[in-house]
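Enquirer: I'll drop the sequence and a predicted model, then ask my questions.
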Amino acid sequence: MTTLAGWLGADSRGPASLYLVSDSRITWFRDAGGGRKIVEATWDHGRKTFACRASAEILGYAGDVLLPTQTIGQITDLIDSGAVSLADETPERKLEWIVKSLETSCSAYPKPAGRNFSLLYGGRQGSGMTCAFFAFVVEIKDGIAAAPIGLEIPQSSSPLTYEDGQKRFAFGSGRDGFREHWNKWRVSEVGGTSRSVFSAFADHLKSGVDPYTGGPPQLVGIYRVGPAKTFGTIWNQRRFLSGMEAIDVSDEKRLNWHNDLFELCDPLTMQLRKTAQPQPRPKNF
């Protein structure tokens with residue numbers, strides 16, 4: 001239960017970045033009998049996106065929470081610590097290792113516990129103008145991974161898509177709600193930009209149309225050069241990183257902070273950074 005999406009950011013020279021964005025809500029259910037479940041509680045600070053600090057790998061999940069939260073974090077730790085090096089491997093080989101690691105952990109996980117989730121994995125081969133971005137989705141059911149699906153990388157700024165009988169723009173319970181907001185943003189005067197995708201996602205969160213999607217957005221990404229990055233978000237005049245509220249922050253520019261319009265913000269004032277370009281909402285929105 002969640003909303004998870006990815007998108008390709010492009011500039012005048014071609015593909016320039018790859019992002020994953022998610023909500024932060026975790027939902028607990030109570031068995032109401034007759035196969036029915038009702039929401040018992042929610043918590044809007046769960047981590048759902050991950051970025052490697054030592055390589056260009058980003059991951060996110062939708063579905064069951066406890067297992068992927070633990071195992072994906074362990075996978076990124078293995079990579080960041082240098083215990084596993086994927087730098088010279090092909091995208092397919094990297095994914096193979098990730099899936100094998102997940103299945104190994106799943107095999108020891110209690111069978112009555114939930115083990116079904118979707119994994120979205122993105123990365124970059126090479127560096128600089130000759131680099132290539134890639135993305136895969138893997139469905140994990142009862143601890144067993146289905147055949148991975150390679151996602152087409154667009155050449156302009158737009159969401160990653162996949163087919164499951166119809167074209168999908170996101171994963172999880174809120175995917176249709178996100179699509180409706182994206183359809184509105186993509187035909188606006190700022191359609192075809194990174195900020196249009198992120199702003200559509202932010203509007204989806206604010207709408208509350210999916211009761212299992214909520215809390216602040218969390219964002220990770222990859223540029224043409226360097227390792228993956230985790231970004232801070234300004235949400236309802238509060239600072240968040242990976243779903244957790246940042247009570248006290250430094251004014252150092254080591255971390256980029258974005259508001260719901262994808263504007264770069266000063267983490268202290270939570271207002272537009274002095275050198276940043278304003279990104280107003282389109283007319284008639």
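Expert: Looks like it arrived, so ask away.
Enquirer: Quick one: the strands in the stretch 1-150 of the chain, in order.
Expert: 4-11, 14-22, 26-33, 36-43, 49-51, 57-63, 117-125, 132-141, 144-145, 149-150 (DSSP state E, counting those that start in this stretch).
Enquirer: Could I get the pLDDT score of residue 112?
Expert: Residue 112 is assigned 69 on the pLDDT scale.
Enquirer: wait, I meant residue 36
Expert: With respect to pLDDT, residue 36 scores 77.
Enquirer: and residue 278, what does it touch?
Expert: The neighbourhood of residue 278, defined by C-beta atoms under 8 Å, 6 or more residues apart in numbering, consists of 263, 272. In this view, the C-beta of every residue, glycine as well, is placed from N, C-alpha and C.
Enquirer: CA atoms of stretch 198-217 as PDB?
Expert: C-alpha atoms of stretch 198-217 as PDB (Å, rounded to 0.1, in the frame of the first residue of the first chain):
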ATOM      1  CA  PHE A 198       7.100  15.900  -8.900                       C
ATOM      2  CA  SER A 199       4.400  18.500  -8.600                       C
ATOM      3  CA  ALA A 200       1.800  16.000 -10.000                       C
ATOM      4  CA  PHE A 201       2.900  13.600  -7.300                       C
ATOM      5  CA  ALA A 202       2.700  16.300  -4.600                       C
ATOM      6  CA  ASP A 203      -0.800  17.200  -5.700                       C
ATOM      7  CA  HIS A 204      -1.700  13.500  -5.600                       C
ATOM      8  CA  LEU A 205      -0.500  13.300  -2.000                       C
ATOM      9  CA  LYS A 206      -2.500  16.400  -1.000                       C
ATOM     10  CA  SER A 207      -5.700  15.100  -2.600                       C
ATOM     11  CA  GLY A 208      -6.000  12.200  -0.100                       C
ATOM     12  CA  VAL A 209      -7.800  10.200  -2.700                       C
ATOM     13  CA  ASP A 210      -5.900   7.000  -1.700                       C
ATOM     14  CA  PRO A 211      -6.300   6.400   2.100                       C
ATOM     15  CA  TYR A 212      -3.200   4.200   2.000                       C
ATOM     16  CA  THR A 213      -1.000   7.100   0.600                       C
ATOM     17  CA  GLY A 214       0.000  10.000   2.800                       C
ATOM     18  CA  GLY A 215       2.700  11.900   4.700                       C
ATOM     19  CA  PRO A 216       5.500  13.800   3.100                       C
ATOM     20  CA  PRO A 217       7.000  12.800  -0.300                       C
END
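Enquirer: closest to residue 246 out of the strands of the stretch 1-150 of the chain?
Expert: Evaluated with C-beta to C-beta, the strands of the stretch 1-150 of the chain place strand 49-51 nearest to residue 246, the distance being 15.6 Å.
Enquirer: Can you work out which other helices and strands pack against the closest one?
Expert: Strand 49-51 sits against strand 14-22, strand 57-63, helix 66-80, strand 218-223, strand 229-235, with contacts defined as 3 or more C-beta pairs under 8 Å, 6 or more residues apart in numbering; DSSP states H and E.
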